[in-house]
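Enquirer: sharing a model that was predicted from the sequence below.
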Amino acid sequence: MEPTKPIIERAFELARAGSCRSVNDVRQALRREGYEGVHAHLHGTTINRQITALIKAGPTAAAPIEDEAAAVQG
């Protein structure tokens with residue numbers, strides 16, 4: 001099945017869900033879900049810091065995904 005959500009949005013969801021313990025876990029989960037170009041989307045310092053912060057905050061982090069994606073895209 002083809003992924004329907006933008007890759008960054010899905011990465012934030014996975015990080016927030018609590019099932020991934022690292023950025024690498026998020027990358028692997030995205031690949032398993034069929035996303036392509038994972039490395040190209042998740043290789044920057046800023047995106048890695050954001051994902052790490054969401055993972056550390058745990059499943060209760062409720063910041064809107066749109067705000068985070070807009071911050072990444074500049």
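Expert: Done, it's in.
Enquirer: okay, now the unreliable bits of this structure?
Expert: By pLDDT under 70, the weakly predicted segments of the chain are 1, 60-74.
Enquirer: and the residue nearest to the spatial centre of the chain, which of the three is it?
Expert: For the chain, the residue nearest the mean C-alpha position is residue 11 (1.9 Å; CA atoms, centre = their mean). Following DSSP: H, G, I helix; E, B strand; the rest coil, we place residue 11 in the helix state.
Enquirer: is it correct that it is in contact with residue 52?
Expert: No - the pair residue 11 / residue 52 is not scored as a contact, 11.4 Å apart, by CB atoms under 8 Å. No exception for glycine: its C-beta is placed from N, CA and C like everyone else's.
Enquirer: can you tell me how far residue 17 is from residue 50?
Expert: Separation of residue 17 from residue 50 (CB to CB, to the nearest Å) stands at 15 Å.
Enquirer: more neighbours, the two?
Expert: Taking neighbours as other CB atoms under 10 Å, residue 17 and residue 50 compare with residue 50 leading, 22 against 15.
Enquirer: hang on, the earlier thing: dump the residue contacts of the residue nearest to the centre of the chain.
Expert: Taking CB atoms under 8 Å, 6 or more residues apart in numbering, we find residue 11 in contact with 26, 30, 41-42, 47, 51.
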